[in-house]
Each structure stands twice: as structure tokens, then as C-alpha cells.
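Colleague: Sharing a model that was predicted from the sequence below.
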Amino acid sequence: MAYSRSNGFTLIELVITLAVLAIVVTWAIPSFLTLIQQNRLTATTNQMLGVVSQARGEALRRSDRVWVSPLDGSSWSSGVVIWRDENDDGARTDAEVIRLVQGPGNSISIAGTSTTLATAPFGFDGGGFAIEEQAYSLTFCSDRLPEGQVLEVNGGGQIRTESVACGGGG
């Protein structure tokens, strides 16, 4: 008596294929999530780089001081606003706002230079130099990544970014 063989898969072949697929997915998902978080960090840093560059450009164009400050006045992560203090009172009003950018949300933290500048506005004078030639930096970190990025503005108004250790990655 001859038996004919079916062209389908056996149960053992299906189980082995599913086990291999599960191992590959388990290995790939954390790497994919890390890639997504790195892209969010880079996008946030690049967005802030654009905002700071625009503030410098506006200061040059207007030949006047232009400020960058936290949107809510207490946290850079909430967003940023570019503004010009038209009445020289040191306070921002809605009429003085040039551009407003919402923050990145909870996944990225942004910290100012030090405790005195942590939430203080910084800006550029009409020549494109940092106001009072004061250097500023903002550090962008994620609690899921070991490295972040820092955006630095030197006293001459030059803007640059570089990688920095953040202590995340867990």
C-alpha cells in the first residue's frame, strides 16, 4: 500500500518557523524603539536649532534684540517662543511674539545651561551676537538613550550642536 505525501507543512515545521520568528521579533523591537527615540531626539534638537537660527536672523534683519524663552516661562520642554521686547519692559506680550513652537512632549527633556539660566530667556542683539556676549546651551536628553545632544550659542552668536552623555539608556 503506497501513501501519498501532502504538499503542506507539518505541525513541527510551523512551530519551528513561529519560534524563529518570535526570536527575531524579540531581538528587533528594542532596536527599532531605540531608533525611533534617537530620531525624536535629533528632530527636537534640529527644530530648536532652526528656532535659534531664526531668532539670530530676525535680530540681524531688524537690527534689534530678539529673545528666545520657554513658552510657559518655566520649562524649555514645554516649547519655545521667539519675541522682540518692543516696549523694553522685559516682559513678553502676545503682540511681541515672532514665532511660537510647541515642545517635544514627555519623551525628550530640555535643560538650560545652569540654575541661573535654566529657564531664563537668551537672545541676540542687532549685530547677531549673543546679548551681553553671554554663552548659552540647551541639553536634549531622553531617559531611554545614553547619549543626547547639546545646542550651544557662544558669545559671538555662533550656534552649534554636538553629542553629550546623558546617563539614560535604561
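Modeller: Noted; the coordinates are in hand.
Colleague: okay, CA-based contacts and neighbour counts for the rest of this
Modeller: Fine.
Colleague: sec struct for the most centrally placed residue in the chain, please.
Modeller: Geometric centre of the chain, nearest residue: residue 44, 2.4 Å, by C-alpha atoms, centre = their mean. Classification of residue 44 using DSSP: H, G, I helix; E, B strand; the rest coil returns helix.
Colleague: Surely it is in contact with residue 104?
Modeller: Yes - in this structure, residue 44 is within contact of residue 104 by C-alpha atoms under 8 Å, at 6.4 Å.
Colleague: which helices and strands does the lowest-mean-pLDDT helix or strand in the chain pack with?
Modeller: In the chain, no helix or strand scores lower on mean pLDDT, DSSP states H and E than strand 109-111, which sits at a mean of 88. Contacts defined by 3 or more C-alpha pairs under 8 Å, 6 or more residues apart in numbering; DSSP states H and E place strand 109-111 against strand 136-141.
Colleague: Which strands or helices does the helix or strand following the strand it packs on pack on?
Modeller: Downstream of strand 136-141, the next assigned helix or strand under DSSP states H and E is strand 147-153. The contact analysis (3+ C-alpha pairs under 8 Å, 6+ apart) places strand 147-153 against helix 11-62, strand 136-141, strand 159-165.
Colleague: Kindly present the ones you listed as CSV, with separate columns for mean pLDDT.
Modeller: Below are the helices and strands packed on strand 147-153 laid out as CSV (pLDDT from 0 to 100):
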stretch, mean pLDDT
helix 11-62, 90
strand 136-141, 92
strand 159-165, 93
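Colleague: Point out the most buried one among the ones you listed.
Modeller: strand 136-141 (a mean of 23; mean count of other C-alpha atoms under 10 Å).
Colleague: and residue 13, how far is that from residue 166?
Modeller: 46 Å (C-alpha to C-alpha, to the nearest Å).
Colleague: I meant residue 42, not that one.
Modeller: Distance check for residue 42 against residue 166: by C-alpha to C-alpha, it reads 14 Å.
Colleague: can you check residue 39 too?
Modeller: According to C-alpha to C-alpha, residue 39 stands 16 Å off from residue 166.
Colleague: next one: residue 80
Modeller: Plainly put, residue 80 is 22 Å away from residue 166 if you go by C-alpha to C-alpha.
Colleague: Kindly report the same for residue 93.
Modeller: Relative to residue 166, and taking C-alpha to C-alpha, residue 93 is found at 35 Å.
Colleague: The two: which is more packed in?
Modeller: Using other C-alpha atoms under 10 Å, the more surrounded residue of residue 93 and residue 166 is residue 166, with 17 against 13.
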